[in-house]
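Colleague: Pasting a predicted model and its sequence here:
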Amino acid sequence: MNQRLLAIIRIGIGGTFVAAALLKLANVDAFAEEVANYRLMPAGLIPHFVCAVLGTEFVAGAALVIGAKEIGRAHV
């Protein structure tokens with residue numbers, strides 16, 4: 001596949017992850033309430049889960065945007 005097309009797709013997906021994390025971060029309480037509504041975990045774990053989801057989503061998105069895999073591959 002064309003490298004330019006792959007870069008565009010990678011940046012698009014990464015940007016979507018970052019935007020989703022920032023939107024959830026703007027209203028963390030509503031996101032935590034949505035997670036709690038599923039009733040899949042004890043209420044005491046929900047804040048930790050929400051933080052983990054937001055952090056993972058943001059870091060994964062940022063890594064895609066900056067091309068962390070490509071940077072790591074360059075050092076091999």
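Modeller: Here it is on my side, so go on. Numbers count the residues shown, from 1 in each chain.
Colleague: From the chain's centroid, how far away is the longest helix seen in the chain?
Modeller: The single longest helix within the chain, with elements called by DSSP state H, is helix 3-26. On the basis of C-alpha atoms, centre = their mean, to the nearest Å, the separation between the geometric centre of helix 3-26 and that of its chain is 8 Å.
Colleague: Need the CA coordinates for that helix. CSV is fine.
Modeller: C-alpha atoms of helix 3-26 as CSV (Å, rounded to 0.1, in the frame of the first residue of the first chain):
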residue,chain,number,x,y,z
GLN,A,3,3.1,5.0,2.3
ARG,A,4,1.4,8.3,2.0
LEU,A,5,-2.1,6.7,2.2
LEU,A,6,-1.0,4.6,5.3
ALA,A,7,0.2,7.8,7.0
ILE,A,8,-3.1,9.6,6.3
ILE,A,9,-5.0,6.6,7.7
ARG,A,10,-2.7,6.4,10.7
ILE,A,11,-3.1,10.1,11.5
GLY,A,12,-6.8,10.0,10.9
ILE,A,13,-7.3,7.1,13.3
GLY,A,14,-4.9,8.6,15.9
GLY,A,15,-6.6,11.9,15.7
THR,A,16,-10.0,10.3,16.3
PHE,A,17,-8.6,8.5,19.4
VAL,A,18,-7.2,11.8,20.7
ALA,A,19,-10.4,13.7,20.0
ALA,A,20,-12.5,11.1,21.7
ALA,A,21,-10.3,11.1,24.8
LEU,A,22,-10.4,14.9,25.0
LEU,A,23,-14.2,15.0,24.6
LYS,A,24,-14.6,12.4,27.4
LEU,A,25,-12.1,14.3,29.5
ALA,A,26,-14.3,17.5,29.1
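Colleague: Identify all contacting residues around it.
Modeller: Contact partners of helix 3-26, identified using C-beta atoms under 8 Å, 6 or more residues apart in numbering, comprise 31, 53-54, 57-58, 60-67. (Each C-beta comes from the backbone N, C-alpha and C, glycine too.)
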